[in-house]
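**Student:** For reference, the sequence and a predicted model appear below.
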Amino acid sequence: MQHDCPKRKVRCEFCGSDFTGEAYEEHQGCCPQESVYCENKCGARMMRRVLSQHSLSECPKRTQPCSYCSKEFVYDTIQSHQYQCPRYPVSCPNQCGIANVAREDLSGHLKDSCSSALVLCPFKDSGCKHRCPKVGMSRHLEENMRAHLSMMSSLVSRQRTEIQELRKQVEELSVSSEGILIWKISDYSRKLQEAKVRGNYESFSPPFYTHRYGYKLQVSAFLNGNGSGEGSYLSVYIRVLPGEYDNLLEWPFSYRVTFSLLDQSDPSLSKPQHITETFNPDPNWKNFQKPSGSRNSLDESTLGFGYPKFISHEDIRKRNYVRDNAVFLRASVDIPQKIIA
């Protein structure tokens, strides 16, 4: 009768209303007078009837959208968010008259739109240091056209010099420094015909060094011969070029040089028969004295030392010295190991 009968009389301890046992079970957990804790866990306790109003407008842990970016934040943090909100409206610091620019758009406004923003002259890389509001830049450019043109000319001149120096450095880095050159002369048949037509036509190899910080050399070839070999021989020569380290080297150049025309026959079918000639420079030969002149200059009229009758055109055709319309010339210099070290 006291605890189980659905028709028993029960009074709510919070609101004081009387209920049958059956109705009281439905009333429990819904009584507006019952003291409950805030569902947002802010720590506040109140009657259930005011809980909804508290959650909507009073609870410090309630969520609320930012009025600028519309993202949801806990109420007690939304004010600190607004100091950093990317959509918070700010005024242009240059006082150009534009207000309410979103904070995240301010840098773009200052860069592209603000007429009062200070900007550097477009010719700043050429040397112009002028800075003025954007609205005044057109006038500056108009009034200083000749000065800017002069600055640009100077800049182009400096850049040209720098490019030449960089090209020189790249060339030096690409030059072999092992005392060996293997020079591929491609399109051989066409170049041979050109040499026959032009007469005394000389082709030049890339330069190479005898060793690191050594002598700079270059090979040249007359495909149709030169001097006593003209018209029926391949002539090869070598000469000393002005190098970066000439002041540190002993002169005259006195190391043995070997020329080879490489046989391109398949080694598995027959033993290659390279054409080889070797000479030791005479210290009295002018070809091997210390070169003079600019390191960037190349006097192509100065003939090196070599062999006007290195190999005849007839002998070139006997084996695979020409293959895939190309020949390979090899030049090597014998440098004592103690000098390289």
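**Tutor:** Yes, it's here. Residues are numbered from 1 along each chain as shown.

**Student:** Could you pull out the buried residues of stretch 313-326?
**Tutor:** For stretch 313-326, the neighbour count (16 or more other C-beta atoms under 10 Å) marks Ile316, Arg319, Asn320, Tyr321, Val322 as buried. (Each C-beta comes from the backbone N, C-alpha and C, glycine too.)

**Student:** What score does the nearest residue to the last one once chain neighbours are set aside have for pLDDT?
**Tutor:** It stands for Val322. Counting by C-beta to C-beta, 6 or more residues apart in numbering, Tyr188 is the residue found nearest to Val322 once chain neighbours are left out, at 5.6 Å. The per-residue pLDDT reported for Tyr188 equals 96.

**Student:** Contact partners for Tyr188?
**Tutor:** Going by C-beta atoms under 8 Å, 6 or more residues apart in numbering, Tyr188 touches Leu223, Val322, Asn325, Ala326, Val327.

**Student:** What separation do you get for it and Phe310?
**Tutor:** For Tyr188, the distance to Phe310 (C-beta to C-beta, to the nearest Å) stands at 15 Å.

**Student:** Could you do Cys15 as well?
**Tutor:** Applying C-beta to C-beta, the value for Cys15 to Phe310 is 122 Å.

**Student:** Tell me which of those two has more neighbours.
**Tutor:** Neighbour count, other C-beta atoms under 10 Å: between Cys15 and Phe310, Phe310 has more, with 25 against 14.

**Student:** ok but that one is inside a strand, no?
**Tutor:** Yes - counting by DSSP: H, G, I helix; E, B strand; the rest coil, Phe310 is part of a strand.

**Student:** Apart from its neighbours in sequence, what residue is nearest it?
**Tutor:** Excluding the flanking residues, the one nearest Phe310 by C-beta to C-beta, 6+ apart is Val236, at 4.7 Å.

**Student:** does that neighbour sit in a helix or strand, and which one?
**Tutor:** Element membership of Val236 [criterion: DSSP states H and E] is strand 233-241.

**Student:** Tell me the helices and strands packed up against that strand.
**Tutor:** On a contact count with 3 or more C-beta pairs under 8 Å, 6 or more residues apart in numbering; DSSP states H and E, strand 233-241 meets strand 216-222, strand 257-261, strand 305-312, helix 313-316.

**Student:** Count the neighbours of Cys96 for me.
**Tutor:** Cys96: 19 surrounding residues under other C-beta under 10 Å.

**Student:** Could you name the helices and strands sitting against the helix ranked longest in the chain?
**Tutor:** Longest helix of the chain, by residue count under DSSP state H: helix 145-174. Using 3+ C-beta pairs under 8 Å, 6+ apart as the contact test, no helix or strand touches helix 145-174.

**Student:** Now find how far off-centre it is within its chain.
**Tutor:** 20 Å (C-alpha atoms, centre = their mean, to the nearest Å).

**Student:** helix or strand right after that helix?
**Tutor:** As assigned by DSSP H and E, the chain's next helix or strand after helix 145-174 is strand 180-185.

**Student:** Give me the sheet partners of that following strand and which way each runs.
**Tutor:** strand 327-333 (antiparallel) (DSSP bridges).

**Student:** residues of the helix or strand just after the partner strand that come out buried?
**Tutor:** Sequence-wise, the next helix or strand downstream of strand 327-333 (DSSP H and E) is helix 337-340. Residues of helix 337-340 include none that count as buried (16+ other C-beta under 10 Å).

**Student:** other SSEs contacting helix 337-340?
**Tutor:** By 3+ C-beta pairs under 8 Å, 6+ apart, helix 337-340 packs against no helix or strand.

**Student:** what's next to it, contact-wise?
**Tutor:** Contacts of helix 337-340 (C-beta under 8 Å, 6+ apart): His211, Arg212, Gly214.

**Student:** returning to what we had before: can you point out the buried residues in the longest helix of the chain?
**Tutor:** Buried residues in helix 145-174, counted by 16+ other C-beta under 10 Å: His148, Met151.

**Student:** how near is Gln337 to Ile238?
**Tutor:** Distance of Gln337 to Ile238, computed by C-beta to C-beta: 22 Å.

**Student:** Please apply the same query to Ser17.
**Tutor:** In terms of C-beta to C-beta, Ser17 sits 120 Å off from Ile238.

**Student:** Those two - which one has more neighbours?
**Tutor:** Per other C-beta under 10 Å, whichever of Ser17 and Ile238 has more neighbours is Ile238, with 23 against 13.

**Student:** check contacts around that one.
**Tutor:** If you count contacts by C-beta under 8 Å, 6+ apart, Ile238 has them with Leu217, Gln218, Val219, Ser220, Val257, Phe259, Gly304, Phe305, Gly306, Ala331.
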